[in-house]
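> Quick one: sequence and predicted model below, then my questions.
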Amino acid sequence: MAVPAARRRRGIRRAERLLGVVMLAPALLYIVLLVAVPFLLAVFLSLTNSSAGSLEFSFVGLQNFKNVMASPVFQRALRNTFTFTLISQVTVIFLGNVLARALLKRFRGKSLARFLILMPWAAPISLATLGWLWIFDSTFSVINWLLKVAGWLGPGQWYYWLGDPTLGMVAIITVHVWRMLPFSTVILLAGLTSIPNEVHEAADLDGAGPLGKTIWITIPMMLPILTVALLFGVVFTFTDMSVVYLLTRGGPYNSTHVLASLAFQDGVLGGDVGRGASVAIFLLPVLVILAVTMLRVSRRAEVA
Amino acid sequence: MAARRGRRLAATLGHRVLILFFVVFAVFPFYWMVVTTFKQNADLYVGASNTAHNPFLFNRPPTLEHLATLFGQTLYPTWLFNTLFVGLIVVGITLVLAVPGGYSLARLTGAWGERLSIGIFLTYLVPSTLLFIPFSRLIAMLGLQNSTWSLVLIYPTFTVPFCTWLLMGFFKSLPKEVEESAMVDGCGRVGAIWRMVLPLSIPGLLTVVIFALTLVIQEFVYSLTFISSVEKMTVSVGVPVALIRGDVYYWGSLMAACLLTSLPIAVVYNFFLDRFISGLTVGAVK
């Protein structure tokens, strides 16, 4: 009796494994065909002189990359991408911590406050950015009205928010901060609430002050989740083209482009697919670093 | 005693001011959309250099004119329809692929499934701005240029990985006894999933439906790249691309469109947020 039972169990296990493969196959196949293959195609296209008009192309090796790297517009876009991501993410992580701590307290209207603070993240990015486009309007900007009333802008002085490289960058960073702040805040809030109360109580017993508790408890315990918030924030900001495209179109004089919006301008609007692809490829090293970091964090969290 | 109470009051007040500051920063663009939607043109286009005219208030009676324009004279209703059309099909495809995939990763594939699931999650990090160029080639080859079907084909690339991941977490959280007891009663594995697991997973499935749908409504880059005819656009592209018309004064209906599209999504999103966050933060929070 024992042998057939064991054999039957093994048979069931094999059938289960087969079922597992069958159930996973469609999703996996779709991801391989429509994410992995296009991903490789992007690398491949960057090595060709492919253009939008025809499906014919020939290999040009690294010529696209050489051309792209020699272009001042590209160099500016590369710099901008890092500047925008760095400044907005530092601001977001700082403000996100402040806001998450403030939201940790109980107070009346908390759920309403949370809902309102969350709205920028939930709204479709293109439509939310349009709201800002109107706020930064060259003639009707409400910010300029406030600055006029406050006396900051004297008679004849005016800010053309989206018509000036520096102000344009300020505007783009503001929108990124506005949009990513709710996202980081809720992630950090989840982290803060996950620190068990006993840990705080134990620290209180040991005579730790608020500063000591921050340094010895909150920061170390928050580190994994802080990394997650930062990684996603960086990915979403670093690869975004919507904000730049809708606010400035990369202008004035291509001074506010980022890699993604430049890839769109060259590869889609300009029809130079090979060049566009090679611009987009420059997103890759950072994404790989982020993915590896993310894996490390998740593995460490599993071990701990 | 009084000093201590004073200090506490000051701390509370500081806290409220801080919260208020953040709320104002977050909400201001939406408040601005509301004001713009209902203002008469004569009240809207005064120019910010006129300090006597307060743009925050209604200096003339509110109007529904811009809403009437939006629904009567623009393609906004068509774009809404297109978006929901694409959205519902994409949700269907996502469920068909992600439910069995998520279950399989949670219960049937063991150790290699664990590794595979992280791989699937990482594809969520591959940005649309890297893929839109190869996709435009692919879509040209398939002859789907300027067709909403191109979006139906492409959008699951961001809904399927994330939803598979979310559902995997959800199925893992169900006790294994659910299926085991059904299987003891003579159901096969598939029968047990159908009769026991899926009914218990309705909250998880609902989350996935909502997220797939909101992701579709929010999507901008692919839609901008693949759709060129105005009447085939989705909301997120039609409004910024086709409603902005040169120097014509359009801001009233434009802001109305932004407001009407964003608000329902924000409300729905709020309900499902916690699940979304726990999906993203995986092992980082225990």
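Yep, that arrived. Numbering: from 1, shown residues only, chains lettered A, B, ... in the order given.
> residues contacting the residue nearest to B:His53 when sequence neighbours are not counted?
Counting by CB to CB, 6 or more residues apart in numbering or on different chains, B:Val46 is the residue found nearest to B:His53 once chain neighbours are left out, at 4.6 Å. From N, CA and C alone the C-beta is placed, and that goes for glycine too. With contact set as CB atoms under 8 Å, 6 or more residues apart in numbering or on different chains, B:Val46 has these partners: A:Phe140, B:His53, B:Pro55.
> What's the local residue count around residue 218?
Let's take chain A. The number of residues packed near A:Thr218 is 19, by other CB atoms under 10 Å in any protein chain shown.
> my bad, chain B
Other residues close to B:Gln218 by other CB under 10 Å number 21.
> Which phi and psi values does the residue lying closest to it once chain neighbours are set aside adopt?
The spatial neighbour of B:Gln218 that comes closest, neighbours along the chain excluded (CB to CB, 6+ apart), is A:Pro124 at 4.2 Å. Backbone geometry at A:Pro124, expressed as degrees, to the nearest 10, gives phi -60, psi 130.
> if we can go back for a sec, the residue nearest to B:His53 in helix, strand or coil?
coil (DSSP: H, G, I helix; E, B strand; the rest coil).
> picking up where we left off before, my guess is the residue nearest to B:Gln218 meets B:Val216, correct?
No - contact between A:Pro124 and B:Val216 fails when scored by CB atoms under 8 Å: they sit 9.9 Å apart.
> count of neighbours near the residue nearest to B:Gln218?
28.
> just to revisit the earlier point, quick check on the contacts of B:Val46: which are buried?
Among the contacts of B:Val46, those buried by neighbour count (16 or more other CB atoms under 10 Å in any protein chain shown) are A:Phe140, B:Pro55.
> Report how many residues lie close to residue 37.
Just so you know, I chose chain A. Neighbours around A:Val37, by other CB under 10 Å: 14.
> switch to chain B, that's the one I care about
Residues lying near B:Thr37 (other CB under 10 Å) number 24.
> quick one: buried residues of the helix or strand that contains A:Leu28?
Using DSSP states H and E, A:Leu28 sits in helix A:2-31. Residues A:Glu16, A:Leu19, A:Gly20, A:Met23, A:Leu24, A:Pro26, A:Ala27, A:Leu28, A:Tyr30, A:Ile31 are the ones in helix A:2-31 that count as buried (16+ other CB under 10 Å).
> one step back: for the residue nearest to B:His53, phi and psi?
B:Val46 adopts backbone torsions of phi -100, psi -30, taken as degrees, to the nearest 10.
> tell me the pLDDT at it?
What the model reports as pLDDT for B:Val46 is 83.
> nearest residue to A:Val73 other than its sequence neighbours?
Using CB to CB, 6+ apart and skipping residues adjacent in sequence, the residue nearest A:Val73 is A:Asn254, 4.5 Å away.
> Assumed that neighbour was part of a strand.
No - counting by three-state DSSP, A:Asn254 is not found in a strand; it is coil.
> Tell me who's in contact with it.
Contacts of A:Asn254 (CB under 8 Å, 6+ apart): A:Val73, A:Arg76, A:Ala77, A:Leu262.
> Quick check: the two most widely separated of those?
For the contacts of A:Asn254, the farthest-apart pair by CB to CB is A:Arg76 and A:Leu262; their separation is 9.0 Å.
> okay, the two: which has more neighbours?
Ranked by neighbour count (other CB under 10 Å), A:Arg76 and A:Leu262 place A:Leu262 first, with 29 against 19.
> Alright, calling it a day.
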